[in-house]
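**Student:** Task: produce atomic coordinates for the following.
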Amino acid sequence: MSVIVVSGTGTEIGKTVVTAALAAVATASGRSVAMLKPAQTGVGPDEPGDVADVLRLSGAVTGEELARFPEPLAPGTAARRAGMDPVRPDAVAAAARELAATHDLVLVEGAGGLLVRFDEEGGTLADAARLLGAPVLVVVPAGLGTLNTATLTAEALRARGIEQLGVVVGSWPEEPDLAARCNLADLPEAAGAPLLGAVPAGAGALAAEEFRSGAASWLAPALGGVWDAAAFAAGAGAGAGAAGVGAGA
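**Tutor:** I've put the predicted structure just below:
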């Protein structure tokens, strides 16, 4: 795969940290990696955004942001309120293809969920993925409500003929509750796709070297890591946080 689209079932669930982990694992294996953020919202012109976070944590050297809107809203709404041109799916696809021509892997990180609007015509990240023919990795929260949103996202992907690569828990708590632990078993069925990792809560605050050394233990072999879903669910998933995630691999 030369392009992977990273989406989520909502906001603030760990998409950027998962993207950074993917980039870190690929970079460590010698692959050239580019991260593309179609629309950054809620960040000032001189503030670091998601691209900067991914590059800092992962060690990847190429990052591109197509547009930045000041208010923390859906990209289409934020663009309209700012009086700025929106980002459209065809522009996202074109930028990803251009990066893919010179990089082994391009990671396209969306904003919010799969069907959040980019423009007034209703263009979404799903449209960009379809134009690219790229698989989508879905990032989900750990706890209650996840099965419903994971199922809805999977249905939206299937309806558009888009491959779902798998599901990753974006922020696995240090002390998971019953719902979180049960979700480890139930998510693959709900999503119709394999569970491919769990990133510990707080991983984004780690020093870059520590983050890079741990990234492979948070992601399954299909994503270049060594994380094992069955071992995690049986052992570390029952009650371990940042330290236990690696132990479950």
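**Student:** Strands of the chain, start to end?
**Tutor:** Taking DSSP state E to define them, one finds strands in the chain at 3-8, 33-41, 62-69, 105-113, 136-140, 164-172, 195-200.
**Student:** So which elements touch the last one?
**Tutor:** In other words, strand 195-200. helix 15-28, strand 164-172, helix 178-191, helix 229-234, helix 242-247 (3 or more C-beta pairs under 8 Å, 6 or more residues apart in numbering; DSSP states H and E). Where C-beta positions appear, they are placed from N, C-alpha and C, glycine not excepted.
**Student:** Looking at those, which is nearest to residue 116?
**Tutor:** helix 15-28 (11.7 Å; C-beta to C-beta).
**Student:** That closest one - contacts with which helices or strands?
**Tutor:** strand 3-8, strand 33-41, helix 50-58, strand 105-113, strand 136-140, strand 164-172, strand 195-200, helix 208-215.
**Student:** Could you pull out the buried residues of it?
**Tutor:** By neighbour count on 16 or more other C-beta atoms under 10 Å, the buried set for helix 15-28 is 15-28.
**Student:** do stretch 64-80 as well
**Tutor:** Result for stretch 64-80 [16+ other C-beta under 10 Å]: buried residues 64-69, 73-80.
**Student:** Let me know the closest of those to residue 216.
**Tutor:** Among those, and counting by C-beta to C-beta, the member closest to residue 216 is residue 64, at 25.2 Å.
**Student:** And the pLDDT for the residue lying farthest from the centre of the chain?
**Tutor:** Within the chain, the residue lying farthest from the chain centre (C-alpha atoms, centre = their mean) is residue 83, at 28.3 Å. Among the per-residue scores, residue 83 shows a pLDDT of 96.
**Student:** same question, residue 249
**Tutor:** In this model, residue 249 carries a pLDDT of 30.
**Student:** Show me the shaky parts of the protein.
**Tutor:** For the chain, applying pLDDT under 70 flags the ranges 1, 236-249.
**Student:** ok so, going back, need the phi and psi values for the residue farthest from the centre of the chain.
**Tutor:** With angles defined as degrees, to the nearest 10, residue 83 sits at phi 70, psi 30.
**Student:** Tell me the spacing between it and residue 8.
**Tutor:** 28 Å (C-beta to C-beta, to the nearest Å).
**Student:** Same check on residue 32?
**Tutor:** Distance from residue 32 to residue 8, by C-beta to C-beta: 25 Å.
**Student:** do residue 190 as well
**Tutor:** Where residue 8 is concerned, residue 190 sits at a distance of 15 Å (C-beta to C-beta).
**Student:** between these two, which one's more packed in?
**Tutor:** Legend: neighbour count by other C-beta atoms under 10 Å for residue 190 and residue 8, higher for residue 8 (28 against 19).
**Student:** which residues touch that one?
**Tutor:** 14, 15, 110, 112, 113, 114, 138, 139, 140, 170 (C-beta atoms under 8 Å, 6 or more residues apart in numbering).
**Student:** at 7 Å what do you get?
**Tutor:** Residue 8 sits next to 15, 112, 113, 138, 139 when contact means C-beta atoms under 7 Å, 6 or more residues apart in numbering.
**Student:** Can you pick out the most distant pair from the residues you listed?
**Tutor:** 112 and 138 (12.5 Å).
**Student:** Which one's more surrounded, these two?
**Tutor:** The neighbour comparison of residue 112 against residue 138 (other C-beta under 10 Å) goes to residue 138, with 28 against 22.
**Student:** and the more buried one, what does it touch?
**Tutor:** Residues counted as contacts of residue 138 (C-beta under 7 Å, 6+ apart) are 7, 8, 9, 150, 153, 164, 167, 191.
**Student:** Same list, the residues you listed, but as JSON lines with distance to residue 36 please.
**Tutor:** JSON lines is the format used below for these (distance: C-beta to C-beta, whole Å):
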{"residue": "7", "distance to residue 36": "13"}
{"residue": "8", "distance to residue 36": "16"}
{"residue": "9", "distance to residue 36": "21"}
{"residue": "150", "distance to residue 36": "24"}
{"residue": "153", "distance to residue 36": "20"}
{"residue": "164", "distance to residue 36": "19"}
{"residue": "167", "distance to residue 36": "21"}
{"residue": "191", "distance to residue 36": "24"}
